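A.B. asks: Would you be able to build a 3D model of this:
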Amino acid sequence: MNIALSTTLNDTDFDTAIDSTRKALSEQGFGVLTEIDMQATLKAKLDEDMERYVILGACNPGLAHRAVGVMKQIGLLLPCNVVVRENTAVARSVVVEAMNPAIMVEVTGESGLDAVASEATTKLQAAIAALGGTGSDPA
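C.D. replies: The predicted structure follows:
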């Protein structure tokens, strides 16, 4: 199973990619609850340099409510993480990846989560497609 739904945005800057990703998620009913700037955190805590890399903790309240109704522990896998990261192999290229919601079913074995995962997948795929990128990134 692929752990990510992914696209690559070419000829774009990182800040535009973040803004576009937030908008695309919002249009599918997801709010961003958390934002982790990995580049800044690793620099501050470890004095390590890396490419720009942000983790957005996205949540669709209706889907989250349904999932928790099926299995209380599913909150351990929520919210859906969406990564926006520089593609260092190509100038002005940004990769956007969303966690594949099918992982919830795979990890838990809870078939009652199938419908929620399927709907979340459809919405996340629509958000990723709205960004207008190209295919999946193998990295």
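A.B. asks: Determine how far the last residue of stretch 4-17 lies from the first.
C.D. replies: Stretch 4-17 has an end-to-end distance of 17 Å (Cα to Cα, to the nearest Å).
A.B. asks: same thing with stretch 53-72?
C.D. replies: 31 Å.
A.B. asks: Residues touching it, excluding its own?
C.D. replies: Stretch 53-72 has contacts (Cβ atoms under 8 Å, 6 or more residues apart in numbering) with 18, 21-22, 25, 28-39, 74-75, 78-86, 98, 104, 108, 110, 112-113, 115-116, 119-120, 123. Using the backbone N, CA and C atoms, a C-beta is placed for each residue, glycine as well.
A.B. asks: Can you tell me which of those residues are buried?
C.D. replies: By neighbour count, with 16 or more other Cβ atoms under 10 Å, those hold 18, 21-22, 25, 28-30, 32, 39, 74, 78-86, 98, 104, 108, 110, 113, 116, 119-120, 123 as buried.
A.B. asks: Cool, thanks, talk later.
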